[in-house]
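> only geometry, no sequence info:
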């Protein structure tokens, strides 16, 4: 009988233990009951916060929590003491943090896999890499968060105290034409490249016109702006980009204008839903807008709006969509577009 061959590299459990020891201040030492005793937070409340962060429930009696978990529970209590979190918003606040960091962590874990082969590397090299990479990523994420907090605070400050109503915004949905059909015939790396190009260029254009990307959902991006002109310029640049960039997919965009409820990084309300429905009316490389936005843009020389045939949209009944286009170009302006692409409007 041949001797057993020891597998090379680290085993999955060894990798997990090294990650816990390096990133979570040591291995799990506490059960949920001990965690509650150490923090003074009832077990069920701590368990609810844990689930809101997106983590799997831990059975009673299992050693699953570390010193870092104890500190995290204490921090959530401090947020309540400061009045930042309360019964009305705590769960949503924690859920928002969990969603954002879960997506980021998945991406960063894949970067780690690219940097070194987890199943071939030795424990010393893995610890060394994480020890250097962890603080670097933590500092970078802290900076990005602080910069976004400044920007969000500035938007709120300049908007003023308001009258208690939701702010007026343009909500825009941009989606890839024929995405489902195309994705069936593409290899994984081709599909990833398509989505990456779509998201990267879309984020650039939205940011250039003072908009905010709310979320990306594979073949679709939702953005908002406070200014009607900015929202319209973004939409037109998005659909025009495919004409000058062969790697960028064809899009269609739906826009609507009106009161939008912004809450914990997301937006809600009929205006957002209408923008989404209007994409179904738009043809490839076209922008369709609602009547209210058409009224806002009717006298703006940068645009040409035209009433379309009335149509029935799910949840809204019979609506009157409008098309949004550039003004008819002179020969000189058309030459500039062909030479510089979408940059001519900046």
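All right, it came through fine. Because the structure is predicted, anything quoted here is derived from the model rather than measured.
> Can you report how many residues lie near residue 106?
9 (other CB atoms under 10 Å). Glycine gets a C-beta too; all of them are placed from N, C-alpha and C.
> how about it, secondary structure?
helix (DSSP: H, G, I helix; E, B strand; the rest coil).
> how close does it sit to residue 113?
11 Å (CB to CB, to the nearest Å).
> Can you pull out the low-pLDDT segments for the stretch 201-346 of the chain?
Within the stretch 201-346 of the chain, the stretches with pLDDT under 70 are 329-346.
> Let me see the ranges of the strands in it.
Here the stretch 201-346 of the chain has its strands, by DSSP state E, counting those that start in this stretch, at 212-216, 220-225, 251-259, 261-263, 266-268, 287-289, 304-307, 311-313, 317-319, 322-325.
> I'd like the ones you listed laid out as TSV, including mean neighbour count and distance to residue 31.
Output for the strands of the stretch 201-346 of the chain, formatted as TSV (neighbours: other CB atoms under 10 Å; distance: least, CB to CB, whole Å):
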stretch	mean neighbour count	distance to residue 31
strand 212-216	17	37
strand 220-225	22	42
strand 251-259	25	48
strand 261-263	15	35
strand 266-268	16	35
strand 287-289	28	56
strand 304-307	14	63
strand 311-313	14	53
strand 317-319	11	56
strand 322-325	19	59
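> Of all those strands, which one is nearest residue 96?
Nearest to residue 96 among the strands of the stretch 201-346 of the chain is strand 266-268 (8.0 Å), distances taken as CB to CB.
> The closest one pairs with which strands?
Here strand 266-268 is paired, per DSSP bridges, with strand 261-263 (antiparallel).
> Quick one: residues in contact with the strand it pairs with.
Identification of contacts with strand 261-263 by CB atoms under 8 Å, 6 or more residues apart in numbering yields 92, 166-167, 169, 224, 267-269.
> buried ones in the longest helix that the chain contains?
For the chain, the longest helix by residue count, based on DSSP state H, is helix 123-159. Neighbour counts over helix 123-159 (16 or more other CB atoms under 10 Å) mark 126, 130, 137 as buried.
> Tell me the helix or strand right after it.
Per DSSP states H and E, helix 123-159 leads on to strand 168-176 as the next helix or strand towards the C-terminus.
> Show the subsequent helix or strand relative to that next one.
Downstream of strand 168-176 (by DSSP H and E), the next one is helix 179-184.
> Which pair of the contacts of strand 261-263 spans the longest distance?
92 and 169 (20.0 Å).
> Please identify which of the two sits among more neighbours.
Between residue 92 and residue 169, residue 169 has the larger neighbour count (other CB under 10 Å), namely 26 against 15.
> want to try TSV for the contacts of strand 261-263, with distance to residue 245 as columns?
Shown next, in TSV, are those (distance: CB to CB, whole Å):
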residue	distance to residue 245
92	38
166	36
167	33
169	28
224	24
267	28
268	33
269	33
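> Can you tell me which of those residues is closest to residue 283?
Distance to residue 283 across the contacts of strand 261-263 (CB to CB) is lowest for residue 224, with 23.6 Å.
> Find the nearest non-adjacent residue to the closest one, please.
Distances taken as CB to CB, 6 or more residues apart in numbering put residue 169 closest to residue 224, at 4.9 Å, once the chain neighbours are dropped.
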